[in-house]
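Undergrad: Got a predicted structure plus its sequence, pasted below:
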Amino acid sequence: MSYITVIGAGSWGTTLACLLAEKGYDTSLWVYEESLSEEIKGTRVNSIYLPDVKIHDDIKIFNKIENAVKDARYIVNAVPVQHIRCIFKNVYAHANKDAIIVSVSKGIEKNSLDTPSKILNGLSKHQVAVLSGPSFAKEVIQKMPTAVTIASDKKDTALILQEVFNTDYFRVYKHDDVVGVELGGALKNVMAIASGICDGLGLGNNARAALITRGLAEMRRIGAAMGAKKETFSGLSGLGDLVLTCTGSLSRNYNFGIKLAGGMKTSEILSQMKMVAEGVATAESAHELAKKHKVEMPIVEQVYNVLYKDKNPALAVNDLMTRALKAEFY
């Protein structure tokens, strides 16, 4: 069967490698940290990102990118967004020219304001598809029912990848709106920080429901300005992922917001985290995108101010609630 390499051994990359190996695919996992790579080889456990889970015995573990990608037909990008450009320059230098890239990273690069697929397309002519949706790694690795979306502008590629990733517990739908799918996956992390702030301040269920709904409106507005389809944001990669990340206790971004509400500063929380909360960097990128496209995104603006301007979270909520009155749809 097809040879697949997953680049990035965080919780999601490790989970997808296990899923693919269990389907019978010849699967490799590239691990950035040499010490972790050796540990996984010896113990078959990823103690940093997915402890207490045995990694499939058939997965090959690599620390050198050239060895990991040289034979791969499919390469899965599970690298944090801010590191994709650096790592994939090396990946592309050794990858098979016909390899298809499947990006599962969620975020927006700082400065360039590029989504993962745009970064990857800018580095090479390799075909790029995107897999996204409401999918906590901890639940997928336990084979709990999950549904996601695979997006590609090439119908045949979407159909093939749908079959590659689909299982009886991991249902994959296909779509053609790559931009919309990526924006949904990125921006929901910013809204999850806001949701954590709401819950951390004890503002109640009404507030959280309002936040999710108005957050979705902001996602649709910036999506429309960037050429995405509005209906995408009603799907798994939009509303689905938004609801999960804004309400699930497993969400790193939601828990980040709770800590902000408790009085901790951004730098303090980041210093205590092993895994990446993509919403922190994405809040800055989304703030810049809103200005660039002249799109009103008040929730994003307030999250940005709390994260980067040390604004009091309670004051940020008050400023959202006391804005000038508007029509709901405009």
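TA: Thanks, I have the structure now. All figures in this text were calculated on a predicted structure; none of them were measured in a lab.
Undergrad: rest of the way, CA atoms for contacts and neighbours
TA: Fine.
Undergrad: Spell out which residues sit in contact with the residue nearest to Arg44 when sequence neighbours are not counted, please.
TA: In space, not counting the residues next to it along the chain, Arg44 is nearest to Ile55; the distance is 5.0 Å by C-alpha to C-alpha, 6 or more residues apart in numbering. Residues in contact with Ile55 (C-alpha atoms under 8 Å, 6 or more residues apart in numbering) are Thr14, Cys18, Ile40, Arg44, Val45, Asn46.
Undergrad: got a list of contacts for the one helix or strand the first one maps to?
TA: Using DSSP states H and E, Thr14 sits in helix 11-22. Where contact means C-alpha under 8 Å, 6+ apart, the residues beyond helix 11-22 that reach it are 5-8, 27-29, 46, 49-50, 55-56, 58-59, 76-78, 136-138, 140-141, 164-165.
Undergrad: now do stretch 254-265
TA: When contacts are taken as C-alpha under 8 Å, 6+ apart, the neighbours of stretch 254-265 outside the stretch itself are 189, 192-201, 245-249, 266, 269, 277, 307, 310, 313-314.
Undergrad: how about 7 Å then?
TA: Contact with stretch 254-265 is made by Ala192, Ile193, Ala194, Ser195, Gly196, Ile197, Asp199, Gly200, Leu201, Thr245, Cys246, Pro313, as judged by C-alpha atoms under 7 Å, 6 or more residues apart in numbering.
Undergrad: what pLDDT, on average, does that stretch get?
TA: Over the span of stretch 254-265, the pLDDT mean works out to 97.
Undergrad: where does the stretch 1-150 of the chain dip in pLDDT?
TA: Within the stretch 1-150 of the chain, the stretches falling below the threshold (pLDDT under 70) are 1-2.
Undergrad: Leaving out the residues flanking it, which one is nearest to Asn77?
TA: Taking C-alpha to C-alpha, 6+ apart, and ignoring the residues beside it in sequence, Asn77 has Ser103 as its nearest neighbour in space, at 4.5 Å.
Undergrad: which residues in the stretch 1-150 of the chain form helices?
TA: For the stretch 1-150 of the chain, helices defined by DSSP state H, counting those that start in this stretch occupy the ranges 11-22, 34-43, 65-69, 81-94, 116-123, 137-141.
Undergrad: Now for the contacts of Ile55: which two are most distant?
TA: Maximum pairwise distance in these, criterion C-alpha to C-alpha, is 12.9 Å, between Cys18 and Ile40.
Undergrad: shared neighbours, the two?
TA: When C-alpha under 7 Å, 6+ apart defines a contact, no residue borders Cys18 and Ile40 alike.
Undergrad: who's more crowded, these two?
TA: Cys18 (24 against 19; other C-alpha atoms under 10 Å).
Undergrad: which of the contacts of stretch 254-265 lies closest to Lys125?
TA: Within these, distances to Lys125 taken as C-alpha to C-alpha reach their minimum at Thr245, with 32.7 Å.
Undergrad: Now the phi/psi pair for the closest one, please.
TA: phi -70, psi -30 (degrees, to the nearest 10).
Undergrad: just checking, it touches Ser251?
TA: Yes: between Thr245 and Ser251 there is a contact under C-alpha atoms under 7 Å: 5.5 Å.
Undergrad: Of the two, give the one with the bigger neighbour count.
TA: Set side by side, Thr245 and Ser251 give different neighbour counts by other C-alpha under 10 Å, the larger being at Thr245 (28 against 18).
Undergrad: just checking, what packs against the helix ranked longest in the chain?
TA: The helix of greatest length in the chain, counted in residues with DSSP state H as the criterion, is given as helix 178-200. Under the contact criterion of 3 or more C-alpha pairs under 7 Å, 6 or more residues apart in numbering; DSSP states H and E, helix 178-200 touches strand 128-132, helix 205-225, helix 241-247, helix 252-261, helix 278-293.
Undergrad: thinking again about what came up before, what about burial for the contacts of helix 11-22, which qualify?
TA: Burial by neighbour count, 16 or more other C-alpha atoms under 10 Å: within the contacts of helix 11-22 this picks out 5-8, 27-29, 46, 49-50, 55-56, 59, 76-78, 136-137, 140-141, 164-165.
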